[in-house]
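In: task: produce atomic coordinates for the following.
(one chain, ligands or ions: 1)
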Amino acid sequence: MEKLRIQGGRTLSGQVRVGGAKNAALPELVATLLTEEPVRLTNVPAVRDVATIVRLLEHLGVAIERDNDKTRAQLSAFNGTEAPYDLVKTMRASFLVLGPLLARTGRARVSLPGGCAIGARPVDQHLSALARLGADLRVEEGYVVAEAQRLRGADVTFDSPTVGGTEHLMLAASLADGTTVLRNAAREPEVVDLAALLNAMGAEVEGAGSDTVVIRGASELGGADHEILPDRIEAGTYLIAGALKGDRLEVTKCRPTDFEAVIDKVQEIGADVEIGDDFLRVSAASDYRGIDARTQPHPGFPTDMQAQYMALMTQATGSALVTETIFENRFMHVPELNRMGADITVDGHTAIVRGPRQLGGARVMATDLRASASLVLAGLAAEGETIIDRLYHLDRGYESLVEKLGAAGAEVERFRE
Ligand code: UD1
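Out: Below is the predicted model of the structure:
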């Protein structure tokens with residue numbers, strides 16, 4: 001199994017270029033199920049989750065050509081309407097094929113997403129919303145079996161904002177009869193980007209980015225060309241790398257307005273951040289103040305940056321409370337950070353980080369995607385050698401991390417034992 005070795009303490013400078021957002025690429029690739037015409041995407045990140053969704057779409061009949069950061073996807077005919085467990089279990093976003101299959105073919109059999117390391121992540125809101133659109137749904141042997149003559153527009157109020165649920169309903173409602181209104185919708189930038197693609201395909205989606213999204217269903221959709229927005233979580237991760245070890249490190253090709261809550265926090269603790277239209281320039285300061293953070297739906301502080309922020313807080317003076325409100329069990333990086341010398345205690349949904357602590361290299365284990373990123377950041381700040389096991393978690397969402405950090409001056413390499 002591949003591991004990552006980091007020799008800590010190196011200064012980071014030069015440029016790190018941010019790729020396309022994984023969390024937009026996934027639903028946007030799924031949108032190719034809605035048309036027989038080609039959908040061409042650019043700025044598609046080369047990460048494992050994208051490869052996983054491509055495999056699932058190919059299984060369903062989509063022909064996909066990839067050329068660096070470009071994909072051309074075209075569905076001429078469905079191979080089938082089943083998304084098997086093997087292809088769904090590793091990635092929850094695979095579940096989004098259910099709505100498009102149902103809208104196009106009137107039936108679908110999609111495995112429920114498997115257990116996930118960051119706690120119970122149900123899809124009950126996806127299902128109750130699809131039922132409002134007229135889908136007949138039942139669960140059989142771990143699969144959702146869905147049927148509908150034709151989906152009909154409906155008024156849907158989510159119990160709490162769900163990113164995947166909002167995207168799933170936008171996909172399905174684009175081909176429903178009549179108008180669908182989604183209330184208490186997720187406002188993440190990836191939702192807005194998906195709406196832009198759907199509209200380019202001929203759909204009528206309004207209000208994405210606010211808490212009410214209105215979708216007027218079309219009888220058919222066509223092909224489109226679309227550039228995926230930059231990955232705000234990748235950008236935020238490199239921003240924190242720069243706050244830890246940067247000397248005018250430039251994070252380029254990003255959209256700072258998409259992750260202001262993170263940039264504000266990093267500035268508030270005392271880092272020197274210059275904000276451009278599509279770049280950030282960040283230098284490490286000699287001392288930082290510990291400042292609390294609480295994860296919230298967008299535009300609040302993103303849960304996908306919580307672990308990385310905690311790595312930064314180990315270097316700040318005082319106590320910082322980091323509260324996770326979106327997912328249960330998303331503190332698995334804490335024992336690993338503590339093995340590197342951090343002083344973090346967890347009390348329910350809140351972690352108390354006491355700093356500053358000089359971190360030391362250690363052998364640590366990645367447990368999920370963003371937890372892995374926090375260990376990389378801690379490794380960059382630590383004295384000595386850090387070895388991170390289970391690198392495949394990182395590969396799900398960070399494109400060419402070793403190359404990007406290496407070019408900025410980090411001493412980091414992949415190896416097999
Ligand atoms: C997406 C992101 C993920 C991010 C998360 C929150 C993708 C591919 N992934 O995940 O990186 O961490 O948003 O910003 O875009 N919930 C229910 N029932 C449902 C759906 C969700 O209870 O039917 C709960 C979840 O368990 C969680 C909360 O709602 O507690 C938010 O989840 P959701 O926004 O749906 O996350 P994902 O779309 O899975």
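In: now residue 331: how far from the ligand?
Out: Using CB to the nearest ligand atom, to the nearest Å, residue 331 is found at 14 Å from the ligand. Backbone N, C-alpha and C define where each C-beta goes, glycine included.
In: what's the lowest-mean-pLDDT helix or strand in the chain in contact with?
Out: Lowest by mean pLDDT, DSSP states H and E among the helices and strands of the chain is helix 85-88, with a mean of 90. Identification of contacts with helix 85-88 by CB atoms under 8 Å, 6 or more residues apart in numbering yields 52, 55-56, 59, 94-95, 110-114, 142-143.
In: show me what from this structure comes close to the ligand.
Out: For the chain, the residues in contact with the ligand (CB under 6 Å from any ligand atom) are 23, 26, 92-93, 121-126, 160, 162-165, 186, 190, 303-304, 326-327.
In: can you flag the buried ones in those residues?
Out: Buried subset of the residues of the chain next to the ligand (neighbour count, 16 or more other CB atoms under 10 Å): 23, 26, 92-93, 121, 123, 125-126, 162-165, 186, 190, 303-304, 326-327.
In: tell me which residues of the least confident helix or strand of the chain come out buried.
Out: Applying a neighbour-count criterion of 16+ other CB under 10 Å, the buried positions in helix 85-88 are 87, 88.
In: what residues of the next helix or strand after that helix count as buried?
Out: Using DSSP states H and E, the next helix or strand after helix 85-88 towards the C-terminus is helix 98-105. Across helix 98-105, burial judged by 16+ other CB under 10 Å covers 98, 99, 100, 101, 102, 103, 104.
In: for stretch 304-318, same thing?
Out: Those would be 304-316, for stretch 304-318 by 16+ other CB under 10 Å.
In: just put those in JSON lines and tack on pLDDT and secondary structure.
Out: Below are these laid out as JSON lines (pLDDT from 0 to 100; DSSP: H, G, I helix; E, B strand; the rest coil):
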{"residue": "304", "pLDDT": "97", "secondary structure": "helix"}
{"residue": "305", "pLDDT": "98", "secondary structure": "helix"}
{"residue": "306", "pLDDT": "98", "secondary structure": "helix"}
{"residue": "307", "pLDDT": "98", "secondary structure": "helix"}
{"residue": "308", "pLDDT": "98", "secondary structure": "helix"}
{"residue": "309", "pLDDT": "98", "secondary structure": "helix"}
{"residue": "310", "pLDDT": "98", "secondary structure": "helix"}
{"residue": "311", "pLDDT": "98", "secondary structure": "helix"}
{"residue": "312", "pLDDT": "98", "secondary structure": "helix"}
{"residue": "313", "pLDDT": "98", "secondary structure": "helix"}
{"residue": "314", "pLDDT": "98", "secondary structure": "coil"}
{"residue": "315", "pLDDT": "98", "secondary structure": "coil"}
{"residue": "316", "pLDDT": "98", "secondary structure": "strand"}
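In: which of the residues you listed lies closest to residue 242?
Out: Comparing those against residue 242 with CB to CB places residue 312 closest, at 10.4 Å.
In: that closest one and residue 87: what is the separation?
Out: Distance, residue 312 to residue 87, using CB to CB, to the nearest Å: 36 Å.
In: surely residue 159 is in contact with residue 183?
Out: No. Using CB atoms under 8 Å, residue 159 makes no contact with residue 183, being 10.7 Å away.
In: the residue found closest to residue 45 once you drop the neighbours it is linked to in the chain and residue 69: what is the separation?
Out: In this structure, residue 45 finds its nearest non-sequential neighbour in residue 19, 4.2 Å apart by CB to CB, 6 or more residues apart in numbering. Distance, residue 19 to residue 69, using CB to CB: 7 Å.
In: who's more crowded, those two?
Out: When neighbours are counted by other CB atoms under 10 Å, residue 19 and residue 69 differ, and residue 19 comes out ahead with 23 against 17.
In: how about low-confidence regions in the protein?
Out: 114-121 (pLDDT under 70).
In: could you chop it up by domain?
Out: 2-19+230-416, 22-227 (automatic domain parsing).
In: any idea how far apart the tips of the first one sit?
Out: In other words, domain 2-19+230-416. End-to-end distance for domain 2-19+230-416, by CA to CA, to the nearest Å: 5 Å.
In: and residue 415, what helix or strand is that in?
Out: Taking DSSP H and E as the definition, one finds residue 415 inside strand 411-416.
In: partner strands of that strand, parallel or antiparallel?
Out: According to DSSP bridges, strand 411-416 has the following sheet partners: strand 2-7 (antiparallel).
In: show me what the helix or strand just after the partner strand is packed against.
Out: Using DSSP H and E, the helix or strand that follows strand 2-7 in sequence is strand 15-17. On a contact count with 3 or more CB pairs under 8 Å, 6 or more residues apart in numbering; DSSP states H and E, strand 15-17 meets strand 249-252, helix 401-407.
In: change it to 6 Å
Out: strand 249-252 (3 or more CB pairs under 6 Å, 6 or more residues apart in numbering; DSSP states H and E).
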